[in-house]
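Novice: this one's sequence-less:
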């Protein structure tokens, strides 16, 4: 399933805007997101953070505003590369979501708070 998600070429019939295509596109995206999140959750529980980061990044191409995906990406990046890299990943995800939404996402400050350095 992970390989199938990684190899998706993009939106289903991107140049067609009929009700049927929109409904099919939404259904396909929902199925991909649900399956992908299930895989990421399993990998995260097993400590397979590189797989989590790779798949979360790919799924964020489909839904750049998904808070759970961003949280998995940030957690995996924290485990793999440290706090500064995780903060960069979060900032990049928030900027991308802002482009989509037109405003900064609610989850940005909450997740940034989890990455703040511990006081001495």
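Specialist: Nice, thanks for sending it over. The model shown is predicted, which means the values in this text are computed figures rather than measured ones.
Novice: Tell me the first helix or strand C-terminal of the strand or helix carrying residue 43.
Specialist: If you go by DSSP states H and E, residue 43 is part of helix 19-45. For helix 19-45, the following helix or strand on the C-terminal side (DSSP H and E) is helix 49-62.
Novice: okay, now residue 29: neighbour count?
Specialist: 16 (other CB atoms under 10 Å). Every residue, glycine included, has its C-beta placed from N, CA and C.
Novice: My guess is it contacts residue 66. True?
Specialist: No: Residue 29 sits out of contact with residue 66 when judged by CB atoms under 8 Å, with a separation of 10.7 Å.
Novice: Give me the helices and strands touching the helix holding residue 43, please.
Specialist: helix 2-6, helix 49-62, helix 67-81 (3 or more CB pairs under 8 Å, 6 or more residues apart in numbering; DSSP states H and E).
Novice: Of all those helices, which one is nearest residue 101?
Specialist: Nearest to residue 101 among the helices and strands packed on helix 19-45 is helix 67-81; the distance by CB to CB comes to 11.9 Å.
Novice: How about the one helix or strand residue 113 maps to, which residues are buried there?
Specialist: Using DSSP H and E, residue 113 sits in helix 107-115. Applying a neighbour-count criterion of 16 or more other CB atoms under 10 Å, the buried positions in helix 107-115 are 107-108, 111, 115.
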